[in-house]
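Chemist: Sequence first, then the predicted structure, then my questions.
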Amino acid sequence: MLNIYGNIFVFFVAGLLFVFLTMALVRIVAPRRPNREKNKTYECGEEPVGSGWLNFNARFYLIAILFIIFDVEIVLVFPVVVRFRYHLLQGNGLTAFIDLFVFASVLFLGLVYAWKNGYLEWLRGVRKQLRVEGRVTLLKDWMAEQSRLQGDKNA
Amino acid sequence: MLERFNMVNRLSPDANMVLTTVDKAVNLARANSLWYLLMGLACCSIELMQTGGPRADIDRFGSLFRATPRQSDLMIVAGTVTLKMAPRLRLLYDQMAEPKYVIAMGSCANCGGPFDLSYSVLRGVDKIIPVDVYLPGCPPRPEALTEALIKVQEKIKKEKYFLKKEG
Amino acid sequence: MDPEKLITILTSRLGIAVQSMDAMKNDDLMIVVDKKHLITAAGTLKNDPALGFSTLMNHLGVDYGDSMAVIYNLYSPALKQKVTVKVYLDRDNPEVPSLERAFRGIDWFERETYDLFGIRFIGHGNLKRLLLPEDWDGHPLRKDYVYPALYNGIETARIDMMNETDEAGEPHV
């Protein structure tokens, strides 16, 4: 039963070989002639000003965390779907479905929480503040206003 | 690495049949995947864009445009090079990795073109970088640029890396 | 709008700033202004509610050989009229107040005029060369410009054609 993992192992090794063998081949064959100009940071031909390393915005960390959570969720869903067929043959497909549904809905609630609290916006809380200040209008409010004005004009 | 240990450019062709084929294979791979650095400076760049467009497609030769010199091995200088742009062009050429090739496209890149009497025009890009193919025209048609690319491909296919170069 | 009507309105608003006012073709009107009154004239043209020349269409410099000039092409969306404002400068010390505070878009136009003619704009925040390299010598569009022999080791003029003339008898460079 364990030798089914042999397939995966072979694929894994082949994948690694694909990458590292080509990189090694390039290292061996290709010419390597560094000089001062070639090693300068690329700045569209100008002399580079400032550091080549940048600080990344911390908001990307939040996006990365959210992505990891939902990616792991998807990865966990796949084997369940495969086993779902087995349970269907045994007659309790509904149990498996409810199982998976509860799992997905718990994570979905997490997404709804993040959405409502503004974690998906680039600047959290800005939209609400702009609406309070009157600088941003919701589409439905704008359309209501327009139809009210049309109604006034007709009357 | 082979270069550093002096294992290239040493064997004569009749001594080693295998390396002839390796050379040919490597040259074939290099010639059919020439990625070019976009150096579209003036009107010739419109023709360069059209050569990459659907009608005269150089993507079928494996060429595609890169905006950075680090990922390109061909520089198509398309347009007038002014004296202000010249040091930047030279730096970009230096930042490309070997082996690199240059096509001077259009009269302005060949010899200054219609602007060769101006005070601020570099009369020919070969004053600052070595050019492999000169392509005349003002601007050259996309078919002409395709032919220039094919000439660079022919040049690459004749190169010897593992085997000894003549002369 | 009738050019006469425009001339009367402008004369009444601008007053002493104007040296001369002539109609040009293409419905244009040329106003020659003295250097000292340029800022007040431009301010009136832009801010006066009856005039409203708030759009700067173009700005350029001219070298006439014995004097220089700067030209501003203004447009009024309210009156749908064009106007050209011209200021004559002397060649030895060509200076003119900058209109950057009135028309923000004139920034690079004035830099270009400085680059090619050498006309200094007083009050401009960033008067550097725009088109030519930073270490270039001289101002090329002047009538008495002499090509520098070398720029960083590269010839700027076709030395082999310097003393020749083309078919029409004009010198090449």
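Modeler: That came in fine, so what should we check first?
Chemist: among the helices and strands of chain A, which has the poorest mean pLDDT?
Modeler: Taking mean pLDDT, DSSP states H and E as the measure, helix A:126-133 is the helix or strand of chain A with the lowest mean score, a mean of 76.
Chemist: which residues are contacting that one?
Modeler: A:118, A:121, A:136-138 (CB atoms under 8 Å, 6 or more residues apart in numbering or on different chains). Any C-beta I mention is one placed from the backbone N, CA and C, and that applies to glycine too.
Chemist: Can you flag the buried ones in those?
Modeler: Among the contacts of helix A:126-133, not one is classed as buried by 16 or more other CB atoms under 10 Å in any protein chain shown.
Chemist: closest to chain C among these?
Modeler: Within the set of the contacts of helix A:126-133, A:Val136 lies nearest chain C; the separation is 27.2 Å, counting by CB to the nearest CB.
Chemist: in the chain, which ranges drop under the pLDDT threshold?
Modeler: I went with chain A, as the question did not name one. Along chain A, segments meeting pLDDT under 70 span A:1, A:136, A:155.
Chemist: could you do chain C instead?
Modeler: In the predicted model of chain C, residues C:1, C:162-163, C:171-173 satisfy pLDDT under 70.
Chemist: residue ranges of the helices in it, please?
Modeler: With DSSP state H, the ranges of helices along chain C come out as C:3-14, C:38-47, C:107-117.
Chemist: what residues does chain C put near chain B?
Modeler: Residues of chain C found near chain B, taking CB under 8 Å from any CB of the partner chain as the criterion, are C:131-133, C:136, C:140, C:147-148, C:151-152, C:154-158, C:161, C:172-173.
Chemist: hmm, 7 Å instead?
Modeler: Listed as neighbours of chain B in chain C under the rule CB under 7 Å from any CB of the partner chain: C:132-133, C:140, C:147, C:151, C:154, C:156-158, C:172-173.
Chemist: near chain A too, which of these?
Modeler: Checking these against chain A (CB under 7 Å from any CB), there are no matches.
Chemist: Now which of these would you call buried?
Modeler: Neighbour-count burial (16+ other CB under 10 Å) applied to these gives C:132, C:140, C:147, C:151, C:156-158.
Chemist: Select, from the contacts of helix A:126-133, the two members most distant in space.
Modeler: Longest distance between any two of these is 18.3 Å, between A:Gly118 and A:Thr137; criterion CB to CB.
Chemist: quick revisit: out of the residues of chain C next to chain B, flag the one nearest to C:Ala23.
Modeler: C:Pro140 (33.4 Å).
Chemist: For that closest one, list the residues it contacts.
Modeler: C:Pro140 is in contact with B:119, C:116, counting by CB atoms under 7 Å, 6 or more residues apart in numbering or on different chains.
Chemist: Spatially central residue in chain A, please.
Modeler: The geometric centre of chain A, computed from its C-alpha atoms, lies nearest to A:Phe67 (CA atoms, centre = their mean), at 4.2 Å.
Chemist: can I get the helices of chain C in TSV with mean neighbour count and distance to B:Asn27?
Modeler: Converted to TSV, those look like this (neighbours: other CB atoms under 10 Å in any protein chain shown; distance: least, CB to CB, whole Å):
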stretch	mean neighbour count	distance to B:Asn27
helix C:3-14	15	73
helix C:38-47	18	66
helix C:107-117	20	48
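Chemist: between the ones you listed, which one is nearest to B:Lys157?
Modeler: Proximity to B:Lys157 (CB to CB) singles out helix C:107-117 among those, at 48.0 Å.
Chemist: How far away from the center of its chain is the closest one?
Modeler: Taking CA atoms, centre = their mean, to the nearest Å, one finds the center of helix C:107-117 at 9 Å from the center of the full chain.
Chemist: what ranges do the helices span in chain A?
Modeler: Assignment of helices within chain A using DSSP H yields the ranges A:5-29, A:59-90, A:93-116, A:126-133, A:139-154.
Chemist: Then chain B?
Modeler: If DSSP H is used as the criterion, the helices of chain B fall at B:17-31, B:44-51, B:86-94, B:106-111, B:142-157.
Chemist: Which single residue of chain A ends up nearest chain B?
Modeler: Scanning chain A for proximity to chain B using CB to the nearest CB identifies A:Gly45 as nearest, at 3.0 Å.
Chemist: Much appreciated, bye for now.
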